[in-house]
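Q: would you be able to build a 3D model of this:
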Amino acid sequence: MAQPLRKPEPDTRPYAERIRELVEQDYVGAARELLAEALEKGDHGEDLSGWQRVLAPAKVLRVGGELDIDRTPDFQWLKDHGETYWGQWVALFGGELLGHGENLKELLAKLEHHPRGRRALLHRLY
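A: Below is the predicted model:
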């Protein structure tokens with residue numbers, strides 16, 4: 001005789017732990033949904049502001065200059081070398097690394113006088 005289906009036990013681990021697990025497994029969409037649930041409930045007692053920043057939609061920081069720059073070499077560089085700069089901001093142009101830094105402010109300071117710095121692709125690797 002078949003056994004009756006059991007209702008799964010709710011996951012009682014902290015939201016931050018569950019979100020981290022989803023991100024590590026590359027389930028970013030599910031992590032965003034779980035974060036939204038945690039924030040909606042509001043009774044989690046956890047500081048999830050770090051996850052709010054990490055899982056926030058991408059933002060355009062600056063638009064200007066040539067709009068039809070071919071970014072294919074930059075995207076290829078990210079695939080080939082991105083892990084080396086994990087957790088950092090990088091500036092790329094034409095598949096060349098122009099600079100990198102722990103935070104955006106530091107990187108922008110490095111690019112301030114670089115001849116191609118204003119046209120660089122800025123990306124945070126995480």
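Q: which parts of the chain belong to which domain?
A: Annotated domains of the chain cover 15-54, 72-124 [automatic domain parsing].
Q: run the chain-centre distance for the longest one.
A: Right, domain 72-124. Here domain 72-124 shows a centroid-to-chain-centroid distance of 15 Å under the convention C-alpha atoms, centre = their mean, to the nearest Å.
Q: same thing with the first one?
A: Taking the mean C-alpha point of domain 15-54 and that of its whole chain, the gap between them comes to 13 Å (C-alpha atoms, centre = their mean).
Q: got it, and stretch 115-126?
A: Worked out by C-alpha atoms, centre = their mean, stretch 115-126 lies 15 Å from the chain centre.
Q: start and end of it, how far apart?
A: Using C-alpha to C-alpha, to the nearest Å, one end of stretch 115-126 lies 27 Å from the other.
Q: what do you get for stretch 78-98?
A: In terms of C-alpha to C-alpha, the two terminal residues of stretch 78-98 are separated by 13 Å.
Q: would you turn the domains of the chain into JSON lines with mean neighbour count, distance to A2 and mean pLDDT?
A: Just so you know, the C-beta spots here come from the backbone N, C-alpha and C atoms, and that holds for glycine as well. As requested, those are exported to JSON lines (neighbours: other C-beta atoms under 10 Å; distance: least, C-beta to C-beta, whole Å; pLDDT from 0 to 100):
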{"stretch": "domain 15-54", "mean neighbour count": "14", "distance to A2": "31", "mean pLDDT": "87"}
{"stretch": "domain 72-124", "mean neighbour count": "15", "distance to A2": "48", "mean pLDDT": "93"}
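Q: got JSON lines for the ones you listed, with distance to Q3 too?
A: Converted to JSON lines, those look like this (distance: least, C-beta to C-beta, whole Å):
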{"stretch": "domain 15-54", "distance to Q3": "28"}
{"stretch": "domain 72-124", "distance to Q3": "46"}
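Q: which one, of those domains, ends up nearest to K7?
A: domain 15-54 (18.6 Å; C-beta to C-beta).
Q: got a list of what V90 touches?
A: Listed by C-beta atoms under 8 Å, 6 or more residues apart in numbering, the contact partners of V90 are L78, G82, L97, G99, H100, L107, L122, H123, R124, L125.
Q: hmm, the fifth one is touching T84, no?
A: Same thing as H100. No - assessed by C-beta atoms under 8 Å, H100 is found out of contact with T84, at 9.2 Å.
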